[in-house]
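*Asks:* task: produce atomic coordinates for the following.
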Amino acid sequence: MFENSIKAYEDAKKVIPGGVDSPVRAFKSVGGTPPFIDRGEGAYLVDVDGNRYLDFVQSWGPLIFGHCNEDIENAVLDTVKKGLSFGAPSVLETQLAVEIVDMYDNIDKVRFVSSGTEATMSAIRLARGVTGKNNILKFEGCYHGHSDSLLVQAGSGLATFGTPSSPGVPADFTKHTIVCEFNNIENLRQCFKDSDDIACIIIEPIAGNMGLVPASEEFLAECRKLCNENGTLLILDEVMSGFRASLTGAHGVINVKADIITFGKVIGAGMPVGAFASTSDIMEQLSPNGAIYQAGTLSGNPVAMAAGLTSLKKLKANPEIYDELERKSKKLVNGLKEVADKNGVALQVDTRGSMFGFFFAEKMPTNFSEVSNLCDFDRFAKFHHEMIKKGFYFACSQYEVGFMSTVITDEEIDACINAADDIMKNF
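*Replies:* All right, here's what the predicted structure looks like:
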């Protein structure tokens, strides 16, 4: 059933560290061999053994219209025929920037990069350059890419400077990173009492890297208030939630405005891309107009721009898509909750637009520590493994979220819930 994937994995491990190019793909959290994918077909992934999986990962978010959407595919093919990359400006960059800026009332300009990590790294440099301050404040469980200053863990105190969480990251690189507990207002206030040199707060307003854990409205409001009072910029990391939680991401479902927003994934519709955006006053301080340096040889790649432009135009022309995606997401998780309750399995569920999450836990976690301590990771691993065998592909970690696409049908969601029921009977 998985013979070709097993062989592909063994071959990959000979020439690629761990056999994968991103650690989560190795299925370390759930066990077993990761399926090696041959192709995508609408709502499905097909692996090298010919197994088909209903895909609730959707390339970790960007495929709102599923795999191989005809409009996006045609735009990519037309652009590829003109060249893969120029390292020079193209009008596609301007067109995509216009589409993004047009949706937001708090950004005027966008700079494209090639990944979410680049976007957050560049946004932090911009914030430091604008404010003249050195420290950054991040939250446990929020992932903003793998740049050195963000690979930190909390220290021993309540509000401390971070220490490196990966070998290869010198302590000097993280000594300006303050780590705070997510959704903890008192901890947040203490951070500002401890330091008057905070350039920015960076936060996932809808955290998607400790499972789906939204920031509370009160917590986000306090972030905004403290930034205003201390000359600090607020960066909302929407690499995952951008154009997923709503047409304008978390921005469309919360009452707090960011100073800088980072984007990724969805604005490339499956192509590698990222971006950061702000007001003209802030963005004009970037080179070549300003002194804050940031660059990328392949930033604004025309193929990625064409894919993203087509996807965003489809979304803007059909905003009701988000109502349907949210309905399907709720149908899925509410169905999972119903069969879990029926089988005496503790399960917590939540959605934000087309993002969904579920925890095998007695109560809903509100921060990283609670996810780590309250959730049954062994049960999640068993559930994931059994669902894979039944043809349903969920994110391979309790710390990740799921994504709905337009091409997943109600009948397919019902089939998924029935499969989960069969599995939970044996928990």
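
*Asks:* give me the number of residues near the nearest residue to Gly83 once chain neighbours are set aside?
*Replies:* Among residues not flanking Gly83 along the chain, Pro302 sits closest, at 7.0 Å (Cβ to Cβ, 6 or more residues apart in numbering). Yep, even glycine has a C-beta here, placed from its N, CA and C like the rest. Here the count is done by other Cβ atoms under 10 Å, and Pro302 has 22 residues near it.

*Asks:* report pLDDT for Pro302.
*Replies:* The predicted local distance difference test score for Pro302 is 97.

*Asks:* from Gly116, how far out is it?
*Replies:* With distances taken as Cβ to Cβ, to the nearest Å, Pro302 is found 20 Å from Gly116.

*Asks:* again with Phe173
*Replies:* Phe173 sits 19 Å away from Gly116 when distances are taken as Cβ to Cβ.

*Asks:* same thing with Val110?
*Replies:* Counting by Cβ to Cβ, the gap between Val110 and Gly116 amounts to 14 Å.

*Asks:* out of those two, which sits in the more crowded spot?
*Replies:* Gly116 (27 against 23).

*Asks:* which residues touch the more buried one?
*Replies:* With contact set as Cβ atoms under 8 Å, 6 or more residues apart in numbering, Gly116 has these partners: 144-145, 237, 239-240, 262, 264-265, 274.

*Asks:* if we take these, which one ends up nearest to His385?
*Replies:* Relative to His385, the closest of those is Met240; by Cβ to Cβ it sits at 24.6 Å.

*Asks:* okay, now the closest one: neighbour count?
*Replies:* Neighbouring residues of Met240 were enumerated by other Cβ under 10 Å; the total is 28.

*Asks:* could you find the closest non-adjacent residue to it?
*Replies:* Leaving aside its chain neighbours, Met240 sits nearest to Gly208 (4.2 Å; criterion: Cβ to Cβ, 6+ apart).

*Asks:* give the contact list for the one you found.
*Replies:* For Gly208, the set of contacting residues under the criterion of Cβ under 8 Å, 6+ apart consists of 240-241, 355, 357, 400-401.

*Asks:* also Phe27?
*Replies:* 33-34, 396.

*Asks:* try 6 Å this time
*Replies:* Listed by Cβ atoms under 6 Å, 6 or more residues apart in numbering, the contact set of Phe27 reads 34, 396.

*Asks:* phi, psi of it?
*Replies:* Phe27 adopts backbone torsions of phi 60, psi 30, taken as degrees, to the nearest 10.

*Asks:* widest-spaced pair of the contacts of Gly116?
*Replies:* Largest separation among these by Cβ to Cβ: His144 and Lys265, giving 13.4 Å.

*Asks:* okay, Asn334 and Ala207: tell me how far apart.
*Replies:* 21 Å.

*Asks:* more neighbours, those two?
*Replies:* When Asn334 and Ala207 are compared for neighbours, Ala207 comes out ahead with 29 against 13, by other Cβ under 10 Å.

*Asks:* per-residue pLDDT of the nearest residue to that one once chain neighbours are set aside, please?
*Replies:* Nearest residue to Ala207, sequence neighbours excluded (Cβ to Cβ, 6+ apart): Val213, at 4.4 Å. Confidence per residue is given as pLDDT, and for Val213 that number is 97.

*Asks:* and Ala159, by the same measure?
*Replies:* With respect to pLDDT, Ala159 has a value of 36.

*Asks:* same question, the one 10 residues further on
*Replies:* Val169 is assigned a predicted lDDT (pLDDT) of 75.

*Asks:* contact partners for it?
*Replies:* Under the criterion of Cβ under 6 Å, 6+ apart, the contact partners of Val169 comprise 148, 151.

*Asks:* how close does it sit to Ile136?
*Replies:* Remark: distance between Val169 and Ile136 (Cβ to Cβ) = 15 Å.

*Asks:* next, count neighbours for Ile37.
*Replies:* For Ile37, using other Cβ under 10 Å, the count is 18.

*Asks:* and it, what are its bridge partners?
*Replies:* Asp47 (DSSP bridges).

*Asks:* that one against Val48, yeah?
*Replies:* No. Under the criterion of Cβ atoms under 6 Å, Ile37 makes no contact with Val48, lying 7.5 Å away.

*Asks:* which parts of the helix or strand where Arg327 lies are buried?
*Replies:* Under the assignment given by DSSP states H and E, the secondary-structure element containing Arg327 is helix 321-342. Judged by neighbour count (16 or more other Cβ atoms under 10 Å), helix 321-342 contains these buried residues: 321-322, 325-326, 328-329, 331-333, 335-337, 339-340.

*Asks:* tell me the SS of the spatially closest residue to Asn367 that is not a sequence neighbour?
*Replies:* The shortest distance from Asn367 to any non-neighbouring residue, by Cβ to Cβ, 6+ apart, is to Phe182 (4.2 Å). Three-state call for Phe182 (DSSP: H, G, I helix; E, B strand; the rest coil): coil.

*Asks:* what about Phe182, how many residues nearby?
*Replies:* By other Cβ under 10 Å, the burial measure for Phe182, its neighbour count, is 27.

*Asks:* that one and Phe139, how far apart?
*Replies:* Phe182 is 4 Å from Phe139, by Cβ to Cβ.

*Asks:* for Ser369, same thing?
*Replies:* Using Cβ to Cβ, we find Ser369 at a distance of 11 Å from Phe139.

*Asks:* higher neighbour count, these two?
*Replies:* For Ser369 against Phe139, the residue with the higher neighbour count under other Cβ under 10 Å is Phe139, and the figures read 27 against 16.

*Asks:* contacts only, for that one.
*Replies:* Contacts here follow Cβ under 6 Å, 6+ apart; on that basis Phe139 touches 180, 182, 203.

*Asks:* list the contacts for the first one?
*Replies:* Right, the one you point to is Cys180. Contact analysis of Cys180 by Cβ under 6 Å, 6+ apart lists 137, 139, 187-188, 191.
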